[in-house]
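*Asks:* just the structure for this:
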Amino acid sequence: MVKMGKDYYDILGIAKGASEDDVKKAYRKQALRFHPDKNKSPGAEDKFKEIAEAYDVLSDPDKKDIYDRYGEEGLKGGGPPGGGGGGSGGGGPGNFSYSFQGDPHVIFSEFFGGRNPFEQFFGGRNGGMDEDMETDDPFARFGMAGGGMGGFPRSFGSGMGGMGPHSSVVKKPQDPPVVHDLNVTLEEVLSGCLKKMKVSRKRLNPDGRTIRIEDKILEVQIKKGWKEGTKITFPKEGDETPTNIPADVVFVLKDKTHPKFKRDGSNIVYTATISLRDALCGSTINVPTLDGRSVTVSTTDVVQPGMKRRINGEGLPHPKRPDRRGDLLVEYEVKFPERLSQSARDTIARVLPRS
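*Replies:* Have a look, this model is predicted:
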């Protein structure tokens with residue numbers, strides 16, 4: 001009885017005896033589903049590697065033939081079919097030896113012709129990928145189903161499959177993140193907006209050695225109420241060379257200086273300058289709002305230093321509850337006269353208490 005060990009067919013979700021085209025389609029579907037750039041669940045990285053190993057075996061006729069007859073154990077001990085001590089059944093695996101030591105990310109990249117399918121098919125906005133793309137063939141939604149992407153050459157499959165005990169893959173280091181400030185106005189934070197940011201970066205040519213410089217537009221969807229300091233990450237959109245994994249590109253939200261308001265969390269603050277007379281006798285002022293209206297604020301009280309008035313619901317949206325808004329705080333600033341006539345001094349001295 002053959003000891004199968006890992007069930008590579010089950011890993012790819014296909015039946016034993018599946019065609020070469022079925023193996024490619026199954027790898028494409030499973031690799032896109034469990035790629036760590038898209039799937040953040042625990043164990044996705046291990047599953048992604050397991051899928052690469054299954055594809056490496058089932059896409060290679062020699063490895064697949066041995067696996068179908070002798071299972072995983074047959075792949076890991078013996079030699080080419082027909083070699084040494086197999087009895088009348090046509091020979092055992094002989095001294096054939098297989099151990100998967102390939103880089104699943106390299107296999108993934110080579111399968112798609114060196115391109116990043118997430119960039120083209122799952123969108124570049126906010127570095128994210130659409131989570132509703134779980135179809136049997138994601139490329140069908142873009143008119144590319146049926147082998148347009150193809151598989152990688154057999155020579156690559158054998159080389160990266162880790163044939164023999166001496167094969168190894170040197171893991172590339174990833175460059176540190178490239179950080180850019182993303183300046184937004186308070187009006188943009190109020191309503192939300194789409195920012196298009198152009199980045200210039202190095203990219204590898206198809207030969208895997210030479211480099212070109214290209215520009216790319218990254219789209220950042222600014223959500224209502226986002227706080228200053230919010231980070232938006234685009235994975236692996238930095239410079240690419242033969243010896244590195246591209247850096248992540250990170251945008252950090254920064255508030256532009258506003259001519260009328262300053263931000264205080266989800267509240268905004270407006271400074272109203274009034275005269276000393278109005279501060280003592282009462283005043284009515286028109287306070288502007290972020291959406292271009294004005295609100296009338298009156299007070300009959302003496303305006304004390306640091307006094308504030310609160311206008312509910314005229315601030316910025318709360319980031320986690322954008323249907324609710326903070327408040328508009330009116331801070332009073334009293335403007336003192338530069339000089340007083342003697343008669344004014346006498347009148348003030350007569351009217352105002354000493355303490």
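
*Asks:* which residue ranges form the helices in the stretch 1-150 of the chain?
*Replies:* Counting by DSSP state H, counting those that start in this stretch, the stretch 1-150 of the chain has helices at residues 8-12, 20-34, 44-58, 61-75, 104-111, 117-121.

*Asks:* export these to CSV and tack on mean pLDDT and distance to residue 271?
*Replies:* Yep, even glycine has a C-beta here, placed from its N, CA and C like the rest. Formatted as CSV, the helices of the stretch 1-150 of the chain follow (pLDDT from 0 to 100; distance: least, Cβ to Cβ, whole Å):
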stretch, mean pLDDT, distance to residue 271
helix 8-12, 92, 65
helix 20-34, 91, 54
helix 44-58, 90, 51
helix 61-75, 83, 73
helix 104-111, 83, 54
helix 117-121, 52, 46
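
*Asks:* looking at those helices, which is closest to residue 279?
*Replies:* helix 117-121 (59.6 Å; Cβ to Cβ).

*Asks:* on that earlier part again, now the helices of the stretch 1-150 of the chain as JSON lines including distance to residue 266 and mean neighbour count?
*Replies:* Output for the helices of the stretch 1-150 of the chain, formatted as JSON lines (distance: least, Cβ to Cβ, whole Å; neighbours: other Cβ atoms under 10 Å):
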{"stretch": "helix 8-12", "distance to residue 266": "48", "mean neighbour count": "21"}
{"stretch": "helix 20-34", "distance to residue 266": "38", "mean neighbour count": "20"}
{"stretch": "helix 44-58", "distance to residue 266": "35", "mean neighbour count": "22"}
{"stretch": "helix 61-75", "distance to residue 266": "58", "mean neighbour count": "19"}
{"stretch": "helix 104-111", "distance to residue 266": "41", "mean neighbour count": "21"}
{"stretch": "helix 117-121", "distance to residue 266": "34", "mean neighbour count": "18"}
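
*Asks:* output the ones you listed in CSV, with distance to residue 221 appended to each entry.
*Replies:* Below are these laid out as CSV (distance: least, Cβ to Cβ, whole Å):
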stretch, distance to residue 221
helix 8-12, 35
helix 20-34, 23
helix 44-58, 25
helix 61-75, 45
helix 104-111, 27
helix 117-121, 17
